[in-house]
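In: Fold the following and give me the result.
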Amino acid sequence: MQAPGYSQSQQCICPMAPITITGETLYSDVGISFWGGIDPLNGNVIDTTHPLYGKCVKDSILCIPSGRGSCTGSQVMLELCLNGNGPKAILLRDVDAILCTGAVIAEEFFNDENISIPMICAVGKEMFSQLHQNGEEKAMITIESHRDTEDVVIRI
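Out: Purely as a prediction, here's the structure:
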């Protein structure tokens, strides 16, 4: 059994290389529509009805239950990557194929162009609830992926 604050997940997408990410979380228990909800030109949350309205996802570890809305969200994810305005990582409660598609396209077609591609992990309900420690909006998290085991370790 692992210590609290650690998680191993097989539901991670992009980048496939071993990587360690440390950053400040941007947490919401409400899913967000990337299309119409996040401006790909600056990374700001522009959905006035969302709890993260006015915050910037750039270089954060974005923690949301899932994306919301149409498949155009993958295009916005791709634009965020190409513009250098995306989060370092996205930790989801639920698997979200739409958000992953944008990151996969960025990795497959534009990886040689030195763009920042977020790691996207679905961590499940129990681990997702631990991401919002003590009611704090922001916390520091370290995410480590290991190619040899295909596991991801999350330290809160």
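
In: Where does the prediction get shaky in the protein?
Out: Counting by pLDDT under 70, the chain contains low-confidence residues at 1-18, 112-113, 133-139, 146-151.

In: hmm, try it at 90
Out: For the chain, the stretches with pLDDT under 90 are 1-25, 68-73, 89, 95-156.

In: Doesn't Val76 belong to a helix?
Out: Yes - looking at Val76 with DSSP: H, G, I helix; E, B strand; the rest coil, it is inside a helix.

In: host element of Ile105?
Out: helix 97-110 (DSSP states H and E).

In: I should have written Cys63 there, sorry.
Out: Here Cys63 sits within strand 61-64, counting by DSSP H and E.

In: now for that strand, which elements pack on it?
Out: Here strand 61-64 touches strand 19-27, strand 89-92, going by 3 or more Cβ pairs under 8 Å, 6 or more residues apart in numbering; DSSP states H and E. Where C-beta positions appear, they are placed from N, C-alpha and C, glycine not excepted.

In: Cool, thanks, signing off.
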